[in-house]
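**Student:** sequence plus the predicted model coming up.
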Amino acid sequence: MEELRIEANGNLGPIDSSRIPRYAGAATFARLPRLDQVEKADVTVVGVPFDTGVSYRPGARFGANHVREASRLLRPYNPAWDVSPFENVQVADAGDMAVNPFNINEAIETIQQNALDLTADGSKLVTLGGDHTIALPLLRAAAERAGEPIAMLHFDAHLDTWDTYFGAEYTHGTPFRRAVEEGILDTEAISHIGTRGPLYGKKDLDDDHRFGFGIVTSADVYYQGVLETVEKVRDRIGRRPLYISIDIDVLDPAHAPGTGTPEAGGITSRELLEIIRGFRGMNLVGADVVEIAPAYDHAEITGVSGSHVAYELVTLMADSALEGDRFGAPNGYAAQALGQKDHRPAGFNA
Ligand SMILES: N=C(N)NCCCC(=O)O
Ligand SMILES: [Zn+2]
Ligand SMILES: [Zn+2]
């Protein structure tokens, strides 16, 4: 069947859902072209079907395709930013990395190499997991491309700075401890957001603090709100090269039931989307959305959350490619609601 796509500024966009029903055909992220259909992508979305690192419910190996399916309903204009991301930059879907499910060490090597290959021409990567183990090789590749240790914001119910499970060093509960040990993170500029739930002991927090992490708990987001959360981390990170890793279990299980290690008391999808919008102008060099396990999902709730989160990350990358300094510029609906109406995108009336 012919693909009728939206095209603008020389960028090949999504299949036009007003001419080809959005539920028809094979899924790519947001119905965007595959990487082999474009000359070069500024932003590449890639899947990593890998969940050999999980400590509880398996199934995140199916996460990327679940997000692609749920992303059919995304539309090309993002009103919270007044930006059409797929018009500003070329975004494409590279499909899935072929990762060995029986050998974690080999899988990590493969992911790192594939991430380096996909970013060799300067493209930025948004990776759909996969369990959280995959963040380590993705961070290695991002730090290598940046040429320096990078800042990181880690959205998660969990710290993921534990040491080992059953003696295993590379698991979904340990990637950020490994990353600090390897010196690939700028430990002046790393924070967890959305942390909550029971730990093994107080030592978990002491270790985490020693590694340099700041923590904005899920309760902090509730009590201080989106804007203060954004301001705090923006002050801490500034314009450093930034990687954002989003474990979907940062959301309350009501907003993301389809995940392997759910914890009650999470942030809402509205809060998460608004926090990302608050990062306008920050130097996002790479991102992932992980831990989506469709077997535990219902009515695509988690797939929808994941697809919108990835869409905001892509928008942040596309917005940064536009002219002008956007750092700290008010953005998102919360900023608008607080009276910064001059930044309200055209078309929204009071
Ligand atoms: N990264 C995620 N989602 N979970 C880590 C949980 C590790 C544990 O079983 O204690
Ligand atoms: Zn988690
Ligand atoms: Zn995690």
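**Tutor:** Looks like it came in fine. Ligands and ions are numbered 1, 2, ... in the order given.
**Student:** contact partners for residue 99?
**Tutor:** Under the criterion of C-beta atoms under 8 Å, 6 or more residues apart in numbering, the contact list for residue 99 reads 48-50, 107, 110-111. (C-beta placed from N, C-alpha, C; glycine too.)
**Student:** likewise for residue 253?
**Tutor:** Counted by C-beta under 8 Å, 6+ apart, residue 253 has contacts 259, 262-264, 266.
**Student:** buried ones only from those, please, as a PyMOL command.
**Tutor:** Buried members of the contacts of residue 253, identified by 16 or more other C-beta atoms under 10 Å, are gathered into one PyMOL selection as follows:
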select buried, resi 259+262+263+266
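**Student:** near ligand 3 too, which of the contacts of residue 253?
**Tutor:** Applying C-beta under 5 Å from the ion, the subset of the contacts of residue 253 adjacent to ligand 3 is empty.
**Student:** among the contacts of residue 253, which one sits closest to residue 275?
**Tutor:** Residue 275 lies nearest to residue 266 out of those, by C-beta to C-beta, at 12.9 Å.
**Student:** now do the SS call for residue 192.
**Tutor:** strand (DSSP: H, G, I helix; E, B strand; the rest coil).
**Student:** what bridges to it?
**Tutor:** Here residue 192 sits in beta bridges with residue 154, residue 215, as judged by DSSP bridges.
**Student:** change the start of the numbering to 18 and stick with it
**Tutor:** Happy to do that; since the first residue is 18 now, the last one works out to residue 209.
**Student:** that one: neighbouring residues, count only.
**Tutor:** By other C-beta atoms under 10 Å, 25 other residues sit near residue 209.
**Student:** can you tell me how far it is from residue 354?
**Tutor:** Spatial separation of residue 209 from residue 354 under the definition C-beta to C-beta, to the nearest Å is 27 Å.
**Student:** biggest separation within the contacts of residue 270, which pair?
**Tutor:** 276 and 281 (12.5 Å).
**Student:** that older thread, for the contacts of residue 270, give me a markdown table that also has secondary structure.
**Tutor:** As requested, the contacts of residue 270 are arranged in a markdown table below (three-state DSSP):
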| residue | secondary structure |
| --- | --- |
| 276 | coil |
| 279 | coil |
| 280 | coil |
| 281 | coil |
| 283 | coil |
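**Student:** pLDDT weak spots in the stretch 268-367 of the chain?
**Tutor:** Within the stretch 268-367 of the chain, the segments meeting pLDDT under 70 span 355-367.
**Student:** helices of this protein, start to end?
**Tutor:** Per DSSP state H, the chain carries helices over the ranges 80-87, 102-105, 121-135, 152-163, 192-198, 219-228, 235-254, 286-294, 318-337, 349-354.
**Student:** could I get the CA-only coordinates of the last one as CSV?
**Tutor:** This means helix 349-354. C-alpha atoms of helix 349-354 as CSV (Å, rounded to 0.1, in the frame of the first residue of the first chain):
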residue,chain,number,x,y,z
GLY,A,349,3.8,23.5,29.4
TYR,A,350,0.3,23.9,30.8
ALA,A,351,1.3,24.4,34.4
ALA,A,352,3.4,27.4,33.6
GLN,A,353,0.5,28.8,31.6
ALA,A,354,-1.9,28.2,34.4
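**Student:** show me which residues of it are buried.
**Tutor:** Applying a neighbour-count criterion of 16+ other C-beta under 10 Å, the buried positions in helix 349-354 are 349-353.
**Student:** which of the contacts of residue 116 tops the neighbour count?
**Tutor:** Among those, where neighbours are counted by other C-beta under 10 Å, the top count belongs to residue 65, at 30 neighbours.
**Student:** which residues sit in contact with that residue?
**Tutor:** Under the criterion of C-beta under 8 Å, 6+ apart, the contact list for residue 65 reads 81, 113-114, 116, 128, 144-147, 151.
**Student:** apply 7 Å and report the result again.
**Tutor:** Residue 65 sits next to 81, 113-114, 116, 128, 144, 146-147, 151 when contact means C-beta atoms under 7 Å, 6 or more residues apart in numbering.
**Student:** out of those, who has the most neighbours?
**Tutor:** Greatest neighbour count in these, by other C-beta under 10 Å, goes to residue 147: 33 neighbours.
**Student:** about what we covered before: let me have the helices of the chain in TSV, adding distance to ligand 1 as columns.
**Tutor:** Rendered in TSV, the data for the helices of the chain read as follows (distance: least, C-beta to the nearest ligand atom, whole Å):
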stretch	distance to ligand 1
helix 80-87	12
helix 102-105	28
helix 121-135	14
helix 152-163	9
helix 192-198	8
helix 219-228	10
helix 235-254	14
helix 286-294	15
helix 318-337	13
helix 349-354	26
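**Student:** I'd like these as a markdown table, with distance to ligand 2 appended.
**Tutor:** What follows is these, written out as a markdown table (distance: least, C-beta to the ion, whole Å):
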| stretch | distance to ligand 2 |
| --- | --- |
| helix 80-87 | 13 |
| helix 102-105 | 27 |
| helix 121-135 | 18 |
| helix 152-163 | 11 |
| helix 192-198 | 11 |
| helix 219-228 | 13 |
| helix 235-254 | 12 |
| helix 286-294 | 13 |
| helix 318-337 | 13 |
| helix 349-354 | 24 |
